[in-house]
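K.L.:
Fold the following, please.
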Amino acid sequence: MSDINANEALGWDDEATVESSNYTLLVPGTYSYRVSSFQRANFDGSNKMAPCPEADLTLTCSNAEGARSDVKVRLFLNRRQMWKITQFFKSCGLLAAELPDGTNYAMGPLWKQVLGCTGQVEISNRTYQDKTYNDVKSFVVPETSLLPKSPKSASKYGEDF
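P.N.:
Predicted structure coming up:
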């Protein structure tokens, strides 16, 4: 393991090392994911949505060749976005896939369990300022929730996911 701090500031006259980007653009499609990062943040609001808390997630996805890519997604805790939050919780097995619309549930305990959860996501590509990025089109809700996929259970994608 390297003893170099990846977040260390560099001086103008410091020695530098040649590095390349680890970014992998995924071909649009369905991928398995693991939630590798979860941060609570605040959205300042826009013309379309009021200020609200947001969940900033990093999903580690793998393509068919085994290359990994981290895909960032923001889930806004706003009634307009409840469909997407519910889709995410169902996708990673924290809510039963067959739970009908209109069913109330407490989000607090679920957010505490998202780190390490696995599921499937549909990835598309988005272009912004002449750069193309991976984008979460939707979370895939399994037909049934027979297998829990929380971090405490064995992942069906293998220990090395």
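
K.L.:
and residue 81, which of the three is it?
P.N.:
helix (DSSP: H, G, I helix; E, B strand; the rest coil).

K.L.:
Over to residue 87?
P.N.:
Going by three-state DSSP: residue 87 is helix.

K.L.:
Now do the contacts for it.
P.N.:
138, 139, 141 (Cβ atoms under 8 Å, 6 or more residues apart in numbering). Any C-beta I mention is one placed from the backbone N, CA and C, and that applies to glycine too.

K.L.:
So the first one lies in a strand, does it not?
P.N.:
Going back to what we said before, that points to residue 138. Yes. Checked against three-state DSSP, residue 138 lies within a strand.

K.L.:
Adding pLDDT, write the contacts of residue 87 out as JSON lines.
P.N.:
Formatted as JSON lines, the contacts of residue 87 follow (pLDDT from 0 to 100):
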{"residue": "138", "pLDDT": "95"}
{"residue": "139", "pLDDT": "96"}
{"residue": "141", "pLDDT": "93"}
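
K.L.:
from these, which would you call buried?
P.N.:
The neighbour count (16 or more other Cβ atoms under 10 Å) marks 138, 139, 141 as buried among the contacts of residue 87.

K.L.:
Now the first one: closest residue in space that isn't a chain neighbour?
P.N.:
Nearest in space to residue 138, with sequence neighbours left out and distances taken as Cβ to Cβ, 6 or more residues apart in numbering, is residue 122 at 4.8 Å.

K.L.:
Output the one helix or strand the one you found maps to as CSV, nothing but the C-alphas.
P.N.:
Assigned by DSSP states H and E, residue 122 falls within strand 118-128. Written as CSV, here are the backbone C-alpha positions of strand 118-128 (Å, rounded to 0.1, in the frame of the first residue of the first chain):
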residue,chain,number,x,y,z
THR,A,118,-25.5,-4.3,-3.9
GLY,A,119,-28.1,-4.2,-6.7
GLN,A,120,-28.4,-3.5,-10.4
VAL,A,121,-28.6,-0.1,-12.2
GLU,A,122,-29.3,1.0,-15.7
ILE,A,123,-26.5,3.2,-16.9
SER,A,124,-26.7,5.7,-19.7
ASN,A,125,-24.2,8.3,-20.9
ARG,A,126,-24.6,12.1,-20.5
THR,A,127,-22.6,14.8,-22.2
TYR,A,128,-21.9,18.1,-20.4
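
K.L.:
Show me what the top strand by length along the chain is packed against.
P.N.:
In the chain, taking DSSP state E as the definition, the longest strand is strand 29-43. If contacts are counted by 3 or more Cβ pairs under 8 Å, 6 or more residues apart in numbering; DSSP states H and E, strand 29-43 sits against strand 52-62, strand 68-76, strand 118-128.
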